[in-house]
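Trainee: Quick one: sequence plus predicted model below, questions after.
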There are 2 protein chains.
Amino acid sequence: MPVGHQIFLVASVVISLLSFGFAGWLYAWVKKQPQTNARISEVGGLIRSGANTFLAKEYVALAKFAGVAAVLIFLFLPTPVWKNEISQNLTMALAYIAGTVFSAIAGKIGIQVATIANMKTAEAAKKGIRPAFMSGFRGGAVMGLAVVGASLLGVSLVFYITGNTAALLGFSFGASSLALFAKAGGGIFTKTADISADLCGKVELGIPEDDPRNPAVIADNVGDNVGDVAGMGADLFDSNVASMTAALVIAATLDKAAGGKLNVSMVFCYAAIGLLASIFGIATARIGKKGNPTRALNSSTYVTTAVFGVLTAIATWAFDFEWRIWGATAIGLVVGVLIGITTDFFTNDDKKPVRNVAKASESGPAFTILSGISYGFVSALPALAGIGISALSAYKICEPLGDGYAMFGISMAAVGMLSIVGMIISNDAYGPIVDNARGLAEMGDLGEDVLEITDTLDSAGNTVKAITKGFAIGAAGLTVIALLGAFVSEVNVIATELGMQLIKVFDIMNPTVFFGLLVGSAIPALFSAMLMLGVDKNAQRMVAEIRRQFSEIPGLKEGREGVSPEYDKCIEIATHGALRELIPAGLVAIIATICVGFIGGVQAVGGFLTGNIVSGLLLALFMSNSGGLWDNAKKYIEAGAHGGKGSDAHKAAVVGDTVGDPFKDTAGPSINTQITVVSLVSSLMSTLFLTLSLF
Amino acid sequence: MPVGHQIFLVASVVISLLSFGFAGWLYAWVKKQPQTNARISEVGGLIRSGANTFLAKEYVALAKFAGVAAVLIFLFLPTPVWKNEISQNLTMALAYIAGTVFSAIAGKIGIQVATIANMKTAEAAKKGIRPAFMSGFRGGAVMGLAVVGASLLGVSLVFYITGNTAALLGFSFGASSLALFAKAGGGIFTKTADISADLCGKVELGIPEDDPRNPAVIADNVGDNVGDVAGMGADLFDSNVASMTAALVIAATLDKAAGGKLNVSMVFCYAAIGLLASIFGIATARIGKKGNPTRALNSSTYVTTAVFGVLTAIATWAFDFEWRIWGATAIGLVVGVLIGITTDFFTNDDKKPVRNVAKASESGPAFTILSGISYGFVSALPALAGIGISALSAYKICEPLGDGYAMFGISMAAVGMLSIVGMIISNDAYGPIVDNARGLAEMGDLGEDVLEITDTLDSAGNTVKAITKGFAIGAAGLTVIALLGAFVSEVNVIATELGMQLIKVFDIMNPTVFFGLLVGSAIPALFSAMLMLGVDKNAQRMVAEIRRQFSEIPGLKEGREGVSPEYDKCIEIATHGALRELIPAGLVAIIATICVGFIGGVQAVGGFLTGNIVSGLLLALFMSNSGGLWDNAKKYIEAGAHGGKGSDAHKAAVVGDTVGDPFKDTAGPSINTQITVVSLVSSLMSTLFLTLSLF
């Protein structure tokens, strides 16, 4: 390995460790905050133990899956072990396991801090919005730093130890496969509980959100943690690792071809700067005098973006990197922000779409659904065009640098978009923490003033979430285009070794490619459907259980002193259901890829990946944005428009929100991971597809 | 033109005229049937005049659009008129106008007969199910024969007169552009009225469907005619013309290359046999002793299929056509039937999906929506895989015949799928006729026995419709793949003329292609959204009007003798709204194609078409099947399951059905046409894209 690489590798490791250190300091700070309310301690404890129990069970299930997968990887990848050096297969299997373990640890850290920060935030809200914001935000920041630190550390170590990029694909696949299941499982859990709690509590009985009489209320709060904290963390861990992996696979090929080039160094340097910029953004986040948390969250994101842009420019100048690649990275970052802003247009209640959906709700739930679906459909165009334009520009900017640089440009645009991921995760994890804090404040009877503060914090979380979600989908889009490039480059490395013809193109007019395209495009739909049917089925079960408790437990409905519902029954239904559904949904995408590969070979897989990316992005954007829009339309009506709470329009909007919940928090964001997994499976199995296909 | 071609051309013209003759006989037969009830005559007259008024207004709007388009075509296509022989541009413009006129005539004939057959069917139902079925079916058959006869006649004449395939593209574009607007306008009209009538009548007031007190009831019945008869006829006219055009464009190139080959002859021969087979199927349709109309409709479809298969085999043997191409055609037909059967699985109330959605409705409308969307998502996979496999097989079977034959095989598979389109349109048009008859029977007070018969006929129409819809989407899928082939062959003809490099591939890894892919995939979503928002907006307006009438017209709600609602107000709202929305929705797809073409050139357009096809098929299948499923889930509950009519489950199912209405009758089936239009625009403008693009 060239000395240049080593310096940047070491720097990456150091900065990762620095981020862990800072995360540790923040964790200690959060823990030190006071928490005196006994009721909050009790309920918070229930949430904490529920989340940990689910996570433990989920990890046991996933460990079994990962064990089987590791054995299969050892046996067959990159080529069957009996035809290959055993050390290669062993490295691959170990890298895979490392990927799953790193991802699991990041998720676990997130749950640890989130289930403490929620109580501290509720307590702090008694003193005002500023201390409450700090507790919530710093809790989220621990998660953000842990995820990005772990991904940079993991990628650096795997690359340092093995020195090859095939092992990186294994590590990335480990991260993706865990993310796929964690996102699916967590997503099913959280929405099962959320929908059921809302439906029976708010809609049928008219009791407030988070009312302690509701048997599903603890499960709902547990869900926020396992779905939105642990699941989302695994998801972005995966995207981040995948974008670095794609860039490194291409960079290593370029460096090998040209000798002493610094492309690999550049990837590590930029990734490390991204983490540094996030640390800076987190450290400087303060809520202003007016106490506007949305502004605080957004401005620290902009600070991070600016710091990243400036520092990478300095690094490019200092280390003599290619300016064109810096340009591609900057384009990725800018387009990411623009996608975030268009997402905001479709989900912000100041804008036309949310207003129109709220108005349509006056005519009944069918109109809420129709108009919400329609705006979700419309919202896909600007984001898809943005991804297309940024890929095209990055390609054209870097093309003059020589063969292979164009695709490297696209991969670096993805790295650019994801550079501020630490900040994004912090903002994202802030959401469920303050949501939980709201619930605890309600259950701990902290009074209206405190609830108002937690409501403000919560609503800021929702607004920011929509923006970061658009950002994450855009980044995933660029990453998977880069992974498609990585797939081709892997295939050709192997084709050269085997003396086979190189793959130069995936021609759309080739019917094998087209067959792959059509099948690939159906997979994200099938995958989403399985997740949503999982939520649908489990929620029906939980609704039945809640109704049973309200009718069978005397005094529960009336809130008689000393009567409390059987919270654990609901947690059990959510846990059990999520664990049962997550494996088939996750497997279906992997199995479809393998089938297409063995039927149509590499050409069919090229088409399959493309169809998967295109329809996956379309559906992910549609579902995330429709979901966010319905959520905010409901809140807009609850704030008093169109008759306010309890009106017919409100009832219709609640139906929209319920449909939107699994759209935006289960299916939509899981599609990212599904696309990544499929791309990585294809790259990993390329030798087999090249040599063993039917056509 | 070779003598061989001429014989088949003449035969095609003769058989088209034969089909018109048979249609005329059927029309006379329907007209001869008795109709004595004064109330039915009155209401039927209102429906007839409403439909004719809308059609006249729509055609005026479309004539303006077509006039502008014809001038633009004359000026710019195939190349700017000042650089070209004027006769070429003139031919193109005239062929375009001919396409719009033929399509309009077919739609007009359909409306003429459908608005008589509905009254005759209602009257005949007094005598029993068999005469009623015959009136309904023969009314539909007039439409089927007119559409297929007109398409074969038009294509034959244009080809005979001009002798070139470029003019065919113009004719086909004329048919498509009219279909796009007719489908969009009719779809918005019919669902605006249907939704509003149901919502205010059935849901809010609890009065029966088609109750004469409901101000929207006539508009609803007018909508069946303008949307489901005229709109659907224009749609399938377009698909049929497009599939023949694609096959002929490729066949002509093959014949030119090889001299005396008979590929063009084969296309005409098979298309003429398809029409003959449909005539035979229609002539032999009889309802059995048990009076099962579903069986009668399905069995005549199977008869047509079998006759087509046998006659084409005989023709292939007799005229020495290539057996491999016969094979490709047969595959298309078989896969079409299989797609129809899988569609049936997802929409039939004997099967699991409908049952599960009905059950989910017990927990509320959100669950109806979620599960219905999920099953709609799942339903896309088998159909997409079927289209992919049939394209792949047709390609592989015909590849050994030489260069270009593989793509010809795909186009002939599409011709095979569409060969029985006459039968399909007959079955499809039967639906709205008996639906109208049901309404007339209700309004004419013909009693419960008659209503039971018309209900049976209506439900058969719905079941068959789901199957034929799957079939139509599959056929469109193959047709557009073939049109993609036609696009490439057009581009290369021009590239050769201009001495430019030939387009050999559309490489997915080319970022220009990928940019096109991403943008193209967003267009069907945007287009559907515009149609659905149109329905949503107009229906809100109509709901307000209906509520106003019920509250302001004294005695209307109670059904006091002599009080009748202001039907014309509702017809006006639907007409006005549909006319306002149809032009922008139709234009957006055309404009997007032109933008992408001038930005990224032919490569971007190749990607754009592919993205458009892939996401268009996915969304069309999803929306059609979800819509059909919700409709049947509601009917299943109305038949007594889960508490039957008036239960909470029923209310939830009605929400699902309302969402499903524009899904399955406005947006879903319009996407077919949108894809075809975009493909044809690309082919027509290929010279401009080749010479004038930005990149």
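Mentor: Here it is on my side, so go on.
Trainee: ok, A:F268 touching A:I7?
Mentor: No: the pair A:F268 / A:I7 is not scored as a contact, 9.2 Å apart, by C-beta atoms under 8 Å. C-beta here means a position set from N, CA and C on the backbone, and glycine is covered the same way.
Trainee: so where's chain A uncertain?
Mentor: For chain A, the stretches with pLDDT under 70 are A:1-4, A:258-261, A:289-290.
Trainee: Longest helix in it, by number of residues?
Mentor: Secondary structure of chain A per DSSP state H: the longest helix is helix A:567-638.
Trainee: Please work out the angle formed by the directions of the first helix or strand past that one going along the chain and helix B:648-662.
Mentor: Per DSSP states H and E, helix A:567-638 leads on to helix A:648-662 as the next helix or strand towards the C-terminus. Angle, helix A:648-662 to helix B:648-662, by axes from the mean of the first three to the mean of the last three C-alpha atoms, to 10 degrees: 80 degrees.
Trainee: Would you mark the buried spots in helix A:648-662?
Mentor: Residues of helix A:648-662 classed as buried: A:649-662 (neighbour count, 16 or more other C-beta atoms under 10 Å in any protein chain shown).
Trainee: can you redo the residues you listed as CSV with distance to chain B?
Mentor: Output for those, formatted as CSV (distance: C-beta to the nearest C-beta, whole Å):
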residue, distance to chain B
A:A649, 12
A:H650, 14
A:K651, 10
A:A652, 9
A:A653, 11
A:V654, 8
A:V655, 5
A:G656, 8
A:D657, 8
A:T658, 4
A:V659, 5
A:G660, 9
A:D661, 9
A:P662, 6
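Trainee: and which of the residues you listed is nearest B:L621?
Mentor: Closest approach between the buried residues of helix A:648-662 and B:L621, by C-beta to C-beta: A:V659, at 20.2 Å.
Trainee: My read is that the closest one contacts A:I369, right?
Mentor: Yes: between A:V659 and A:I369 there is a contact under C-beta under 8 Å: 6.3 Å.
Trainee: any residues in contact with both of those two?
Mentor: Residues touching both A:V659 and A:I369 (C-beta atoms under 8 Å, 6 or more residues apart in numbering or on different chains) are B:I369.
Trainee: that older thread, what about the longest helix of chain A, distance to the chain center?
Mentor: Helix A:567-638 has its C-alpha centroid displaced from the chain centroid by 12 Å (C-alpha atoms, centre = their mean, to the nearest Å).
Trainee: Which positions in the stretch 151-300 of chain A make contact with chain B?
Mentor: Where the stretch 151-300 of chain A comes near chain B, counting by C-beta under 8 Å from any C-beta of the partner chain, the residues are A:195, A:199, A:203.
Trainee: give me that answer again for 7 Å
Mentor: The interface of the stretch 151-300 of chain A toward chain B, taken as C-beta under 7 Å from any C-beta of the partner chain, is made up of A:L199.
Trainee: ok and the residue in the stretch 151-300 of chain A nearest chain B?
Mentor: Chain B sits closest to A:L199 of the stretch 151-300 of chain A, with a gap of 6.2 Å, by C-beta to the nearest C-beta.
Trainee: Surely that residue and A:I546 touch.
Mentor: No: counting by C-beta atoms under 7 Å, A:L199 stays clear of A:I546, with 8.3 Å between them.
Trainee: Identify the residues contacting the most centrally placed residue in chain A.
Mentor: The centroid of chain A falls nearest to A:D235 when counting by C-alpha atoms, centre = their mean (3.5 Å). For A:D235, the contact set (C-beta atoms under 7 Å, 6 or more residues apart in numbering or on different chains) comprises A:179, A:183, A:669, A:672-673.
Trainee: With A:A125 instead?
Mentor: Contact analysis of A:A125 by C-beta under 7 Å, 6+ apart lists A:132, A:437, A:441, A:450, A:453-454.
Trainee: Excluding chain neighbours, what is closest to it?
Mentor: The shortest distance from A:A125 to any non-neighbouring residue, by C-beta to C-beta, 6 or more residues apart in numbering or on different chains, is to A:A132 (4.0 Å).
Trainee: Apart from its chain neighbours, what residue comes closest to the most far-flung residue of chain A relative to its centre?
Mentor: Computed with C-alpha atoms, centre = their mean, the residue of chain A farthest from its C-alpha average is A:P554, at 42.2 Å. Distances taken as C-beta to C-beta, 6+ apart put A:V563 closest to A:P554, at 7.4 Å, once the chain neighbours are dropped.
Trainee: for A:I473, same thing?
Mentor: Of all residues not flanking A:I473 in the chain, A:A620 sits nearest, at 5.2 Å (C-beta to C-beta, 6+ apart).
Trainee: before we move on, back to that, the residue nearest to A:A125 reaches A:L457, doesn't it?
Mentor: Yes: with contact defined as C-beta under 7 Å, A:A132 counts as touching A:L457 (6.2 Å).
Trainee: Stretch A:492-502 close to chain B?
Mentor: No: judged by C-beta under 7 Å from any C-beta, stretch A:492-502 stays clear of chain B, getting no closer than 11.4 Å.
Trainee: which residues are in contact with that stretch?
Mentor: So stretch A:492-502 is contacted by A:503, A:686-687, A:690 (C-beta under 7 Å, 6+ apart).
Trainee: most surrounded residue in those?
Mentor: Counting neighbours by other C-beta atoms under 10 Å in any protein chain shown, A:S686 comes out on top of these with 27 neighbours.
Trainee: Distance check, it against chain B.
Mentor: As judged by C-beta to the nearest C-beta, to the nearest Å, A:S686 and chain B stand 15 Å apart.
Trainee: before we move on, what about A:L94?
Mentor: Distance from A:L94 to chain B, counting by C-beta to the nearest C-beta: 32 Å.
Trainee: For the helix or strand where that residue lies, enumerate the helices and strands it packs against.
Mentor: In this assignment (DSSP H and E), A:L94 forms part of helix A:86-124. If you count contacts as 3 or more C-beta pairs under 7 Å, 6 or more residues apart in numbering or on different chains; DSSP states H and E, helix A:86-124 packs onto helix A:3-32, helix A:38-76, helix A:129-162, helix A:165-197, helix A:232-258, helix A:421-443.
Trainee: chain center to it: distance?
Mentor: Per C-alpha atoms, centre = their mean, the centroid offset for helix A:86-124 relative to its chain is 14 Å.
Trainee: What angle do helix A:129-162 and that helix make with each other?
Mentor: Helix A:86-124 and helix A:129-162 are oriented at 170 degrees to each other (the same axes, to 10 degrees).
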